[in-house]
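> give me a 3D structure for the following:
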Amino acid sequence: MQHTTSRYWFGLPLSLAGGYVGLFMFMAGDGFELAFLSKYIVSIGFTQADASFVITIYGLAAALSAWASGVIAEAISPLKTMKIGLALWLIFHVLFLWLGLKQANFGLMVLCYALRGIAYPLFCYGFLLMIVQNVKQENVSAASGWFWAAYSLGIGVIGSGLPGLLIPVIGEFNMLCISLLFVAASGAIAFSALRGITHHSALQDASLSTRLKELPKAATLLIHNRAIAWAFVIRVINQLAVFGFSVIMPFQFMKIGFTLAAWLQVWAIFFASTIVFNIFWGIVAEKLGLLRVVRWFGCVGCGVACLLFYYVPLYLGPEYWAAAMCSIVLGFFMSAFVPMTALFPRLAPEHQGAAISIYNLAAGMSNFVAPAIATLALPLLEVKGVVFIYSGCYFAGALITLLIGLKPQPRSQAQAFSAASGGSSGSH
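Have a look, this model is predicted:
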């Protein structure tokens, strides 16, 4: 039986609050290098192609780890998975710094950075499964909204902003050393706060061999569960604009008359807005229903927002605040996909870890599909055509939600109390 936390603050489960702080610290430390690592690798004597190769192999390792993380956490417990992730990160980050970068050894650089790439999904998505297992089912959407807010605040705000302040003073290598302090602190905070949280899974009383049989579910569940397969498609569609616009819109905005700096600020506003809206939609979806929010606000909303993001700057020219408002609108609707985190485990309640693994795999596929669409369509259709393809995918996603059979969503505590008292109540 699933354990439930007893107290919430705007959807944040207070018994897991230390885990959210740890997640924020971890992703900040993990994200410090994103803006400068490739440039630093070139500065120590390697080519741009070498730097790109290092980061590509890292991304592949991280994607595979993200795919497997849910079922691993289901089999051995989220807390153990997080500890393994933290240990791997610290060990291979040290080796990456002193055997790879410091010695300018390309082979060890690739190997150690790739092995470090395995680590962060184990920590992050291990905690995500802990959330799914330990909060009330009707609160998973709000709790996952806080998860993505902490994740974005760490990697997108602190992870990007702090290096810009410190690197001119301490240099790139020392900035990478500071990452160690943040990640080590994240583990101290998270594990101290979560030590009383127990593992609640359908497999908790199963034998080791039975638990190991769960690992292939990360692949087979996608084939045998039709609802999960359709949800997978929607999750891929989810971030098409995120990964696609970062490829095509810099050229479009500068063609209109924006400077590169202005474009980067507009795009940063988009990411900053999602921090607040992730929490908002996580809470609202508890009242309106998971699929309803994803269908009308996520899919239809993003379909419209993509067109606005293209046409408003096109007609108004380099008007910074108009473009910034469009980025906020896009962030508002993009965040309405947050309930997908709660939807996947609800579609496979006996295999929650595998469901989270497939959710993670879909996110990785979106990172691949979005630029692939741009690469194939740009020569024929130009930027306008690519935007229409992305928009069309979102509208198609709204129709696909109709194919997902979801049992009536759990009633809130207030509705349940009303029903118990003889009052009327309805399901989401």
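> list the contacts of residue 392.
Residue 392 makes contact with residue 303, according to CB atoms under 8 Å, 6 or more residues apart in numbering. Glycine gets a C-beta too; all of them are placed from N, C-alpha and C.
> oh, I was asking about residue 300
By CB under 8 Å, 6+ apart, the neighbours of residue 300 are 394, 395, 398.
> shaky segments in the stretch 251-400 of the chain?
Within the stretch 251-400 of the chain, no stretch has pLDDT under 70.
> show me where this protein has its strands.
For the chain, the strands defined by DSSP state E occupy 8-9, 12-13.
> domains for this protein, by residue range?
For the chain, automatic domain parsing gives the domain ranges 10-190+208-214, 219-404.
> can I get the ones you listed in TSV with distance to residue 196?
Shown next, in TSV, are those (distance: least, CB to CB, whole Å):
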stretch	distance to residue 196
domain 10-190+208-214	8
domain 219-404	21
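> ok so, going back, mind checking which of the strands of the chain is nearest residue 265?
Smallest distance to residue 265 across the strands of the chain (CB to CB): 29.6 Å, for strand 12-13.
> just the residues contacting the closest one, thanks.
Outside strand 12-13, the residues within contact range by CB under 8 Å, 6+ apart are 5, 7, 20, 131, 134, 135, 139, 142, 143, 146.
> let's test this: mean pLDDT of that strand, rounded?
The pLDDT scores in strand 12-13 average 93.
> any idea of the mean pLDDT for stretch 218-237?
Here stretch 218-237 scores 91 as its mean pLDDT.
> what's the span of it, first residue to last?
End-to-end distance for stretch 218-237, by CA to CA, to the nearest Å: 20 Å.
> from residue 336, how far off is residue 325?
18 Å (CB to CB, to the nearest Å).
> the contacts of residue 300 into CSV, with extra columns for neighbour count?
As requested, the contacts of residue 300 are exported to CSV (neighbours: other CB atoms under 10 Å):
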residue, neighbour count
394, 25
395, 15
398, 19
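> ignoring the adjacent residues along the chain, who's closest to residue 118?
residue 65 (4.3 Å; CB to CB, 6 or more residues apart in numbering).
> tell me where the stretch 301-428 of the chain has helices.
In the stretch 301-428 of the chain, the segments counted as helices under DSSP state H, counting those that start in this stretch are 301-316, 320-334, 340-347, 352-400, 413-420.
> apologies, that question was intended for the stretch 101-250 of the chain.
For the stretch 101-250 of the chain, the helices defined by DSSP H, counting those that start in this stretch cover 106-117, 119-134, 140-152, 159-170, 172-194, 208-212, 217-224, 226-238, 240-256.
> I'd like those as a markdown table, with distance to residue 97 appended.
Formatted as a markdown table, the helices of the stretch 101-250 of the chain follow (distance: least, CB to CB, whole Å):
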| stretch | distance to residue 97 |
| --- | --- |
| helix 106-117 | 9 |
| helix 119-134 | 14 |
| helix 140-152 | 24 |
| helix 159-170 | 14 |
| helix 172-194 | 6 |
| helix 208-212 | 34 |
| helix 217-224 | 32 |
| helix 226-238 | 34 |
| helix 240-256 | 28 |
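> and of those helices, who's closest to residue 81?
helix 119-134 (3.5 Å).
> so that closest one versus helix 352-400, what angle?
Put simply, helix 119-134 runs at 80 degrees to helix 352-400, going by axes from the mean of the first three to the mean of the last three CA atoms, to 10 degrees.
> and helix 119-134 with helix 140-152, angle?
160 degrees.
> restrict helix 119-134 to CA atoms and write it as PDB.
Only the C-alpha atoms of helix 119-134 are listed here, as PDB (Å, rounded to 0.1, in the frame of the first residue of the first chain):
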ATOM      1  CA  ALA A 119      24.900   9.600 -12.400                       C
ATOM      2  CA  TYR A 120      22.600  12.600 -12.500                       C
ATOM      3  CA  PRO A 121      19.500  10.700 -13.800                       C
ATOM      4  CA  LEU A 122      19.900   8.200 -11.000                       C
ATOM      5  CA  PHE A 123      19.800  11.000  -8.400                       C
ATOM      6  CA  CYS A 124      17.100  13.100  -9.900                       C
ATOM      7  CA  TYR A 125      14.700  10.500 -11.200                       C
ATOM      8  CA  GLY A 126      15.300   8.300  -8.200                       C
ATOM      9  CA  PHE A 127      13.900  11.200  -6.200                       C
ATOM     10  CA  LEU A 128      11.000  11.600  -8.700                       C
ATOM     11  CA  LEU A 129       9.900   8.000  -8.100                       C
ATOM     12  CA  MET A 130      10.200   8.600  -4.400                       C
ATOM     13  CA  ILE A 131       7.700  11.500  -4.900                       C
ATOM     14  CA  VAL A 132       5.300   9.300  -6.900                       C
ATOM     15  CA  GLN A 133       5.500   6.500  -4.200                       C
ATOM     16  CA  ASN A 134       5.100   8.700  -1.100                       C
END
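> do you know the pLDDT at the spatially most central residue of the chain?
The residue lying closest to the centre of the chain (CA atoms, centre = their mean) is residue 148, at 6.3 Å. Per-residue confidence for residue 148 comes out at a pLDDT of 92.
> pretty sure it sits against residue 337.
No - between residue 148 and residue 337 there is no contact under CB atoms under 8 Å: 9.6 Å.
> quick one: residue 372 and residue 357, what's the gap?
Shown here: residue 372 relative to residue 357, a distance of 22 Å by CB to CB.
> residues contacting residue 144?
For residue 144, the contact set (CB under 8 Å, 6+ apart) comprises 128, 131, 132, 282, 338, 339, 341, 342.
> from residue 367, how far out is residue 162?
24 Å.
> also residue 140?
24 Å.
> repeat that for residue 79.
Residue 79 sits 28 Å away from residue 367, taking CB to CB as the criterion.
> look at those two and report which has more neighbours.
Set side by side, residue 79 and residue 367 show more neighbours around residue 79, with 20 against 16, by other CB atoms under 10 Å.
> show me what contacts the more buried one?
Shown in contact with residue 79 (CB under 8 Å, 6+ apart): 126, 130, 191, 194, 195, 197, 199.
> just to revisit the earlier point, wait, which of the helices of the stretch 301-428 of the chain is closest to residue 45?
Here helix 352-400 is closest among the helices of the stretch 301-428 of the chain (CB to CB), at 28.8 Å.
> so how far is that closest one from its chain's centroid?
Its chain's average C-alpha position is 15 Å from that of helix 352-400, according to CA atoms, centre = their mean, to the nearest Å.
> what is the orientation angle of that helix with helix 240-256?
Using the same axes, to 10 degrees: helix 352-400 against helix 240-256 is 60 degrees.
> I'd say residue 51 and residue 41 touch.
Yes - using CB under 8 Å, residue 51 is in contact with residue 41, at 4.0 Å.
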